[in-house]
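Q: A structural model of the following input is requested.
(4 chains)
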Protein chains: 2
Amino acid sequence: MKKITIGEAARKSGVKVPTIRYYEGIGLLREPSRSDGNQRSYEQSDLNRLTFIRHARELGFEVEAIRALLSLQDNPLQSCASADAIAKARLIEVEQRIRSLMALKAELEMMVEGCGHGRVDQCRVIEVLADHAQCTHHGH
Amino acid sequence: MKKITIGEAARKSGVKVPTIRYYEGIGLLREPSRSDGNQRSYEQSDLNRLTFIRHARELGFEVEAIRALLSLQDNPLQSCASADAIAKARLIEVEQRIRSLMALKAELEMMVEGCGHGRVDQCRVIEVLADHAQCTHHGH
DNA sequence: TCTTGCACCTCTAGTCACTAGAGGATGTAG
DNA sequence: CTACATCCTCTAGTGACTAGAGGTGCAAGA
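A: Residues are numbered from 1 along each chain as shown, chains lettered A, B, ... in the order given. Model prediction:
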C-alpha cells in the first residue's frame, strides 16, 4: 500500500493538517506509522475515519459523541441502540436550537424593521436591547 | 443612592457574579466604586447596562458587537445606522444558521428513521456518517 | 551535487466567553 | 463574638481547534 502524507490526508478528507494532529492527540485517530524521517504515513482506513469524523462534526456531534460512534463502528456486531440514542439526542438538540433561533429571528426582524434610521435615542435596536420588557419572546 | 453589592447585581440582572467581574475586566462595564472593605458597589445604571449586555448575549451578539452597541447607547445623538447594520448582520447570521440546521435536522431524521435497531453493521446512523455520498444535503 | 522551497515535525500559546477553584478578607445576623 | 454567607484576587480549565516559532525532511531543477 502506498503511503499517504498528512497533507494528502488533509486534502482528501477535508480535515486540516493541524486538526488531524489534534485528533491524534486526543485519541480519535490512531497514531499512524512513520517514515524514516519521522513523518506520519496514513492508510485508506485512516482517510475513511477522518471523513467519518468530519461529517459527524459538520452534523454538530461533539468529540465525545464521535468517540462513542467510532467505537460502535469498530464493533459492527453489537446493537446499534447507542448510535440511535446519540443521533436522537442530537436531533432533539437541533430542533431546540432551531426553535430558539426562530424566536431570535423574529426579535431581530422587529428591531431592524422598527429602526427609523434616525438618531440613536430613537433607535429601536438599542431600545429593545436596553429594555427587555419590550421583547415579544420572553422565554430567555 | 443605596449601594448594590455584586451578588445583588447578579440576581437583578441575571448575569452571574464571576461574569460581571469578567465584563469589568474586558472593559464592557466600568469599574464600580468600592466599599471601605474593597467590595464593589454598583448603581442602577450599572444594572441597566448589565441587562442590556445579557439581552444582547442571549440574542447571540458577540462581545465586540455589544461593545459597539454600548458605545452607541452612550452617544444617543448620533445616527443609529451602525446599530442597524450590526443587528442586520446578526439577522443574516441567524437566518443562515437556521437554514443549515434545517438541513442537518433532515439528515438526522433520515438517520434515525432508517435505523432498524439491529446490529451496528446494518445501522443507518453509522452508515451515513461513514459515507458522505449518502447525504441528501451535499452543501457541507 | 547542491540548493531552493515547500511540507513536515514538536511545542507552546492564543482564541471565545466564560467557569471553577484556591486561599483569604469582609460583612451581617444572632 | 462567632458563625457563615458573601466578597476579594489570582490562576487555570473548558471545547475544538488555530497560529506561530524554530527546526527537519524531501523532491525537483540547475
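Q: List, one by one, the residues from chain A near DNA strand D.
A: A:16, A:18-19, A:22, A:35-39, A:57, A:62-64 (CB under 7 Å from any atom of the strand). C-beta coordinates here come from the backbone N, C-alpha and C atoms, glycine included.
Q: May I see those residues organised as TSV, with neighbour count, pLDDT and secondary structure added?
A: Below are the residues of chain A next to DNA strand D laid out as TSV (neighbours: other CB atoms under 10 Å in any protein chain shown; pLDDT from 0 to 100; DSSP: H, G, I helix; E, B strand; the rest coil):
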residue	neighbour count	pLDDT	secondary structure
A:Lys16	13	96	coil
A:Pro18	10	96	helix
A:Thr19	16	96	helix
A:Tyr22	14	96	helix
A:Ser35	11	94	coil
A:Asp36	5	92	coil
A:Gly37	5	93	coil
A:Asn38	6	95	coil
A:Gln39	12	96	coil
A:Arg57	17	90	helix
A:Glu62	13	90	coil
A:Val63	15	93	helix
A:Glu64	11	92	helix
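Q: So which of these is the closest to chain B?
A: Closest approach to chain B among these (CB to the nearest CB): A:Arg57, at 9.8 Å.
Q: My guess is that closest one contacts A:Ile66. True?
A: Yes. Using CB atoms under 8 Å, A:Arg57 is in contact with A:Ile66, at 7.0 Å.
Q: Whatever helix or strand A:Ser82 lives in packs against which elements?
A: Using DSSP states H and E, A:Ser82 falls within helix A:81-114. With contacts defined as 3 or more CB pairs under 8 Å, 6 or more residues apart in numbering or on different chains; DSSP states H and E, the packing partners of helix A:81-114 are helix A:63-73, helix A:124-130, helix B:81-114, helix B:124-130.
Q: Going by contacts, tell me the helices and strands next to the second one.
A: This means helix A:124-130. helix A:81-114, helix B:44-58, helix B:63-73, helix B:81-114.
Q: which one of those helices lies closest to DNA strand C?
A: The closest of the helices and strands packed on helix A:124-130 to DNA strand C is helix B:63-73. By CB to the nearest atom of the strand, the value is 3.4 Å.
Q: per-residue confidence for the residue nearest to the spatial centre of chain A?
A: The structure's chain A has its C-alpha centroid closest to A:Gly60; by CA atoms, centre = their mean the separation is 3.4 Å. Per-residue confidence (pLDDT) for A:Gly60: 81.
Q: Specify the local secondary structure of it.
A: coil (DSSP: H, G, I helix; E, B strand; the rest coil).
Q: Take the helices and strands packed on helix A:81-114 and lay them out in JSON lines including distance to B:Gln73.
A: Listed next are those as JSON lines, based on distance: least, CB to CB, whole Å:
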{"stretch": "helix A:63-73", "distance to B:Gln73": "39"}
{"stretch": "helix A:124-130", "distance to B:Gln73": "5"}
{"stretch": "helix B:81-114", "distance to B:Gln73": "8"}
{"stretch": "helix B:124-130", "distance to B:Gln73": "46"}
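Q: Torsion angles phi and psi at A:Asp36?
A: The phi/psi pair for A:Asp36 (degrees, to the nearest 10) reads phi -60, psi -30.
Q: Equivalent analysis for A:Arg40, please.
A: phi -60, psi 140.
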